[in-house]
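> I would like the atomic coordinates for the input below:
(one chain, ligands or ions: 1)
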Amino acid sequence: MSNKIEGFNFDQRHGKQRVRVARVWRSENGRHSIVEWNVGISLLTDSVVAYTRDDNSDLVATDTMKNTVYAKAKECVEELSVEDFAIRLAKHFTSLYQQVTAAIVKIVEKPWERVSIDGQPHEHGFKLGSEKHTTEVILKKSGALKVTSGIEGLALLKTTKSGFEGFIRDKYTALPDTRERILATDLTASWAQILVTEINGCRYPYESIYSIPQQPLYFTERYSSVKKVLADTFYGPPKEGVYSPSVQSTLYHMATNVLKGFPDIATVQLKMPNIHFLPVNLSNKDNTIVKFEDDVYLPTDEPHGSIEATLSRFWSKM
Ligand SMILES: O=c1[nH]c(=O)c2[nH]c(=O)[nH]c2[nH]1
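Residues are numbered from 1 along each chain as shown. Take a look at the predicted model:
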C-alpha cells in the first residue's frame, strides 16, 4: 500500500515466507494422499503506525500467519488443490482482520507422486517428480480475486527438428546458421484466469471469490491439461515432430495454443531458457579426435539464452 508520509511516498507490506507444511489425507479404503507446500504470505494494510509511531496495534504477527497455515491445513479434511488452499488462506486474512486490505498468497507444491510397483499404484508410497505446480492468489477485501497458476522447472528436450538461421550477422557473430540442433529448455509458465460471474442474467468477466469453479481439484486438472498442451506443442506429433525455427517461435506457438485451448485463461507467461548443447569437435595438431556428426554434444547450463514472453487477450483486465 502506498502512503504519503512526511513528504515521501511509502510502500509497505509484511508477511511470512517459506512456511513449509505437508498434509496427509487417509481414506477409508486405505489409500493415502499427501501434498507438501511452501507458502509465502504478504498482507497489505493502509496502516503505517508500526513504521512511523512505534505502534504495533495494527499488525498481524508474522508468527500468527505461520500458525494459520497449519490451522487451515488441519481444517482441510478433503484433499484440495494448491490454488484452493491459497484462496482459503487469503480469504481468512482479508475477512478476519479489519486492517488487512489485501492478501497475496504464493505457494510452491513439491511434486510428490504415487509410486507403482509391478504396475500397481502403491497405497502410501510416493517419490519425488520433477516440475513443480505453483500458484499466486491476490485477494482484495472487496472480493476481487486473481488466481495465477504455474509450472516451474519443466525440462523439455528434443534431439532434432530445431534450427536457428537468418539472424543478424556482424563482426562479433560466430554462430553458424543451422537447421539441425538439440532444443532444450527448463520451462517456467504461469497463467491467469478470468473467472466469470452472472449478474442479473448477464455474464461478466469478473474476478470474484464467488465465481471460483466449485468442482474439487478443478485447478489440479487444469494444471495437467495446460502442461500437456505446452509439452505437446513443444514436441509436435510423436512420429514426425514439428520443426522449430527458434525458441521464440516455439514459445509463441505454446502460448497461443494455451489461449486457444482454454477460453477462460486471460494471459499466459512463458520463460524458456535456451539450454545449449554444443557440438563437440576435438583435434590435436596431428589428428581429429572427435568430429561432430550430430552425435556428441557438450551440455551446458551457463551461459544460457533467455527467452520470455507474455501473451494476453485484448480484453484481459489483468
Ligand atoms: O532459438 C534461438 N533464439 C535465439 O535468440 C538465439 N540466439 C542464439 O545464439 N541462439 C538462439 N536460438
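
> Would you mind measuring from the residue most central in space within the chain to the ligand?
By Cα atoms, centre = their mean, the chain has its centre lying nearest to G150, at 2.2 Å. From G150 over to the ligand the distance is 23 Å, taken as Cβ to the nearest ligand atom, to the nearest Å. Where you see a C-beta, it was placed from the backbone N, CA and C, and this is true even at glycine.

> so that residue sits right up against A192, yeah?
No - proximity of G150 to A192 does not meet the contact threshold set by Cβ atoms under 8 Å, at 9.4 Å.

> Would you mind confirming that I41 makes contact with V105?
Yes - using Cβ under 8 Å, I41 is in contact with V105, at 5.6 Å.

> Please identify which of the two sits among more neighbours.
Legend: neighbour count by other Cβ atoms under 10 Å for I41 and V105, higher for V105 (28 against 25).

> for the closest residue to the more buried one other than its chain neighbours, what are its contacts?
Once flanking residues are discounted, V105 sits nearest to A86: 4.2 Å by Cβ to Cβ, 6 or more residues apart in numbering. A86 sits next to 39, 105-107, 135-137, 147 when contact means Cβ atoms under 8 Å, 6 or more residues apart in numbering.

> again, 6 Å this time
By Cβ atoms under 6 Å, 6 or more residues apart in numbering, A86 lies in contact with 105, 107, 135, 137.

> any idea which helix or strand comes after the helix or strand that contains it?
Remark: A86 resides in helix 82-96, with elements defined by DSSP states H and E. Per DSSP H and E, the first helix or strand lying C-terminal to helix 82-96 is strand 100-110.

> which outside residues touch the helix or strand just after that next one?
Counting by DSSP H and E, the next helix or strand C-terminal to strand 100-110 is strand 112-117. The contact list for strand 112-117, computed with Cβ under 6 Å, 6+ apart, reads 34, 121-122, 125-127, 129.

> Could you tell me which strands strand 112-117 is paired with, and in which direction each runs?
Using DSSP bridges, the strands paired with strand 112-117 are strand 120-128 (antiparallel).

> about what we covered before: got the CA positions of the helix holding A86 in PDB?
C-alpha atoms of helix 82-96 as PDB (Å, rounded to 0.1, in the frame of the first residue of the first chain):
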ATOM      1  CA  VAL A  82      -2.900 -25.700  -4.100                       C
ATOM      2  CA  GLU A  83      -4.900 -22.900  -5.600                       C
ATOM      3  CA  ASP A  84      -7.900 -23.600  -3.400                       C
ATOM      4  CA  PHE A  85      -5.700 -23.700  -0.300                       C
ATOM      5  CA  ALA A  86      -4.200 -20.400  -1.200                       C
ATOM      6  CA  ILE A  87      -7.700 -18.900  -1.700                       C
ATOM      7  CA  ARG A  88      -8.800 -20.200   1.700                       C
ATOM      8  CA  LEU A  89      -5.800 -18.600   3.400                       C
ATOM      9  CA  ALA A  90      -6.200 -15.300   1.600                       C
ATOM     10  CA  LYS A  91      -9.900 -15.300   2.400                       C
ATOM     11  CA  HIS A  92      -9.100 -15.900   6.100                       C
ATOM     12  CA  PHE A  93      -6.700 -13.000   6.300                       C
ATOM     13  CA  THR A  94      -8.900 -10.500   4.400                       C
ATOM     14  CA  SER A  95     -12.100 -11.400   6.300                       C
ATOM     15  CA  LEU A  96     -10.700 -11.800   9.900                       C
END
